[in-house]
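Chemist: Turn this into a model:
(3 chains)
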Amino acid sequence: MSKDFEQQLRDALRPVEPEDGFEQRVMARITSEQTRARSKVTRWVSVALAASVVFAAILGTHEWQVRREQEGLEARKQLIEALRLTGEKLDVAYQAVNREPQPPPDNESGA
Amino acid sequence: MTMNALFRHSIPAIFAVLSLSAGVASAADGQLKLPNFDSLTDKASESVTITLDSALLGLAARFLDPTKPEDAAAREAIQGIKGIYVRSYKFDQDFAYPKSDVEMVRKQLIGPGWQRLVEVRSRKEQQNVDIYILVEQERANGLAIIASQPREFTIVNIVGSIDMRKLHELEGQFGIPKLELEQKDGPKK
Amino acid sequence: MKASDTWSADELLTRARAGESSAFAALVRRYQRAVYSIALRMLNDRHRAEDLAQEVFLQLHRALDGIESDTHLAFWLRKVAMNRAIDRMRQESRHGAEPLTEAEAAVDETAEDDPLLKRRIEELLAQLPPAARAVVVLRYQEDLDPLDIASTLDMPINTVKSHLKRSLTQLRARVQGTAIVEDIR
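Modeler: Okay, the predicted model is just below:
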């Protein structure tokens, strides 16, 4: 009896075919999914590209500003150093002149 | 007249020279051809190489803080200046640098327009300092300082319209002494 | 019959992996009956079964690179179809889906056997809980032994055997009009 029932089950659960055109419907869905995925990728690539350009521009500007600031600070440092050295040498000249011996008093009185 | 007085009176004399030298031929743009001292950099115990053209001066000016007296004075001092070039070397031995290089610079200052303002020769310290200005159209359009000692030499070349009064105002900011600008005597002939 | 239908599953797989859509279409034709039948027995609705079967093949198309052989392909299709069906049944039961009606029950009209008995068995099968139903479908529709069923459903072999024994007893009792003493759910 058990064997008969199991066979009855097998008969009842015999595989069945889907409705005609199943394969075409699957292939159509695949094509549609690929198109959607491609446009999604294209959109994503466009967005990523635009974002990259903006990011690169921001980064480039920032780097340029940082570099410019470093150059500016270095130029300021050089300017201060140049003026310091100039002042130092002018001072040497001034001090040297100041150290010149005074003429003897009798020279002046004799003049 | 003492040298002190001479020096004190030399600044007013500059202005006299300036006024007298209106017709003096222009000496290029006041920029000296400085020799290539790269080979000295390794030999020197200290070296300063400063090359500030007008673009870098403009950039430096933007980074000067007007609230700091030193920066404010520097900003004033560089008004009208087109370039500052400094070469300064110190050595551990006497005359480790070729005198010919320094002389080559000095020779350029014999050219038209350049006037020697101050000449200091100290035998004791073996120190020489020469200050030159380039006079063009009644204005000092260039400044050159050549200072040399056995173990060091410095060349300063400032290009552009130099306002000596502003240099005077740098007093105390960069170790520059207060120069007597009052014209007590007449211009030195 | 198309030329591609004569190719071996391995050859179809190789070609499909290379992007040959006719090869993939042939694979669909070759396995659509098995996949659709699993979906139909589990969901007991032609439309939802078709939709689920299509999704299984869409997933296969994306996973082609991971399929090693025809044996692996058959196993993969059964496993994915079953898992998707069980997931959908559980989702629907959570959202209070409409109970299945006799009109929606699938009947193979071409079968030579007693159509009333088939319909009765399908109705009773639809009343089994998802896991038990999956075990019965794989055993009597796909003709898998308990070991393969355990592997397909990631289920201990003893649980598979227990589901089989219980479900068979309950189904037999109901088909024969015997009162159900044990609650099979």
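
Chemist: Break chain C down into its structural domains.
Modeler: C:1-100, C:107-185 (automatic domain parsing).

Chemist: Now the lowest-mean-pLDDT helix or strand in chain C: buried residues?
Modeler: Ranking every helix and strand in chain C by mean pLDDT, DSSP states H and E puts helix C:115-126 at the bottom, with a mean of 84. For helix C:115-126, burial by neighbour count (16 or more other Cβ atoms under 10 Å in any protein chain shown) applies to C:118, C:120-122, C:124-126. All C-beta spots, glycine's among them, are computed from the backbone N, C-alpha and C.

Chemist: With distance to residue C:139 as new columns, can these be given to me in a markdown table?
Modeler: Formatted as a markdown table, those follow (distance: Cβ to Cβ, whole Å):
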| residue | distance to residue C:139 |
| --- | --- |
| C:118 | 17 |
| C:120 | 19 |
| C:121 | 13 |
| C:122 | 15 |
| C:124 | 15 |
| C:125 | 12 |
| C:126 | 16 |
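
Chemist: Can you show me the helices along the chain?
Modeler: You didn't say which chain, so I picked chain A. Per DSSP state H, chain A carries helices over the ranges A:2-12, A:22-98, A:105-110.

Chemist: my bad, the chain I had in mind was chain B
Modeler: Under DSSP H, chain B gives helices at B:3-20, B:38-43, B:54-62, B:69-77, B:99-108, B:164-169.

Chemist: least reliable of the domains of chain C going by mean pLDDT?
Modeler: The minimum mean pLDDT among those belongs to domain C:107-185 (a mean of 82).

Chemist: That one near chain A at all?
Modeler: Yes - judged by Cβ under 8 Å from any Cβ of the partner chain, domain C:107-185 and chain A are in contact via C:108, C:111, C:113, C:117-118, C:121-122, C:125, C:136-137, C:140-141, C:143, C:168, C:171-172, C:175.

Chemist: What remains of these if I keep only buried residues?
Modeler: Those of the residues of domain C:107-185 next to chain A that meet the buried threshold are C:108, C:118, C:121-122, C:125, C:136-137, C:140-141, C:168, C:171-172, C:175, by 16+ other Cβ under 10 Å.

Chemist: For the chain, which residues score under the pLDDT cut-off?
Modeler: You didn't say which chain, so I picked chain A. Along chain A, the model assigns pLDDT under 70 to residues A:1-3, A:97, A:99-111.

Chemist: Switch to chain B, please.
Modeler: B:1-28, B:164-189.

Chemist: And for it, the residue most distant from the center?
Modeler: residue B:67 (26.8 Å; Cα atoms, centre = their mean).

Chemist: ok now stretch A:30-38, how far from the chain's centre?
Modeler: 33 Å (Cα atoms, centre = their mean, to the nearest Å).

Chemist: Which positions within that stretch qualify as buried?
Modeler: Taking 16+ other Cβ under 10 Å as the criterion, stretch A:30-38 shows residue A:30 as buried.

Chemist: so which helix or strand takes in the closest residue to residue C:11 other than its chain neighbours?
Modeler: In this structure, residue C:11 finds its nearest non-sequential neighbour in residue C:23, 7.8 Å apart by Cβ to Cβ, 6 or more residues apart in numbering or on different chains. Assigned by DSSP states H and E, residue C:23 belongs to helix C:21-43.

Chemist: so that helix versus helix C:115-126, what angle?
Modeler: 80 degrees (axes from the mean of the first three to the mean of the last three Cα atoms, to 10 degrees).

Chemist: CA atoms only: put helix C:21-43 into CSV for me.
Modeler: Output of helix C:21-43 as CSV, limited to C-alpha atoms (Å, rounded to 0.1, in the frame of the first residue of the first chain):
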residue,chain,number,x,y,z
SER,C,21,22.7,34.0,-25.6
SER,C,22,21.4,31.1,-27.7
ALA,C,23,23.4,28.8,-25.5
PHE,C,24,21.8,30.3,-22.4
ALA,C,25,18.4,30.1,-24.0
ALA,C,26,19.1,26.4,-24.6
LEU,C,27,20.0,25.9,-21.0
VAL,C,28,16.7,27.6,-20.0
ARG,C,29,14.8,25.2,-22.3
ARG,C,30,16.6,22.3,-20.8
TYR,C,31,15.9,23.1,-17.2
GLN,C,32,12.7,25.1,-17.3
ARG,C,33,10.5,22.1,-16.6
ALA,C,34,12.4,21.2,-13.4
VAL,C,35,12.6,24.8,-12.1
TYR,C,36,9.1,25.7,-13.0
SER,C,37,7.7,22.5,-11.4
ILE,C,38,9.5,23.1,-8.2
ALA,C,39,8.1,26.7,-8.1
LEU,C,40,4.6,25.5,-9.0
ARG,C,41,4.5,22.7,-6.3
MET,C,42,5.8,25.0,-3.7
LEU,C,43,3.7,28.1,-4.5
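
Chemist: In it, which residues are buried?
Modeler: Quick answer for helix C:21-43 (16+ other Cβ under 10 Å): C:23-32, C:34-43.

Chemist: go on, stretch B:135-143?
Modeler: B:135-136, B:139-143.

Chemist: cool, stretch B:144-154 as well?
Modeler: Going by neighbour count (16+ other Cβ under 10 Å), the buried part of stretch B:144-154 is B:144-149, B:151-154.

Chemist: Need the residues that contact that stretch.
Modeler: With Cβ atoms under 8 Å, 6 or more residues apart in numbering or on different chains as the test, stretch B:144-154 has contacts from A:85-86, A:89-90, A:92, B:32, B:86-97, B:102, B:105-106, B:109, B:114, B:125-134, B:155-158.

Chemist: coming back round to it: keep only the buried ones among the residues of domain C:107-185 next to chain A that also lie close to chain B.
Modeler: Answer for these near chain B: none qualify (Cβ under 8 Å from any Cβ).

Chemist: out of those residues, who's nearest chain B?
Modeler: residue C:137 (80.7 Å; Cβ to the nearest Cβ).

Chemist: Now that closest one: closest residue in space, sequence neighbours ignored.
Modeler: According to Cβ to Cβ, 6+ apart, the nearest residue to residue C:137 is residue C:41 (4.5 Å).

Chemist: Pretty sure the one you found sits against residue C:125.
Modeler: Yes - counting by Cβ atoms under 8 Å, residue C:41 touches residue C:125, with 6.6 Å between them.

Chemist: Now do the shared contacts for these two.
Modeler: Contacts common to residue C:41 and residue C:125, judged by Cβ under 8 Å, 6+ apart, are A:13, C:133, C:137.

Chemist: mind checking how far the host helix or strand of residue C:132 is from the chain centre?
Modeler: Using DSSP H and E, residue C:132 maps to helix C:130-136. Its chain's C-alpha centre and that of helix C:130-136 lie 10 Å apart, by Cα atoms, centre = their mean.

Chemist: ditto for stretch C:161-178
Modeler: 19 Å.

Chemist: Of all the residues in that stretch, which ones are buried?
Modeler: C:163-164, C:167-175.

Chemist: what do you get for stretch C:55-75?
Modeler: Neighbour-count burial for stretch C:55-75 flags C:55-57, C:60-61, C:64, C:67, C:70, C:73-75 (criterion: 16+ other Cβ under 10 Å).

Chemist: What of stretch B:92-106?
Modeler: B:96-97, B:101-102, B:105-106.
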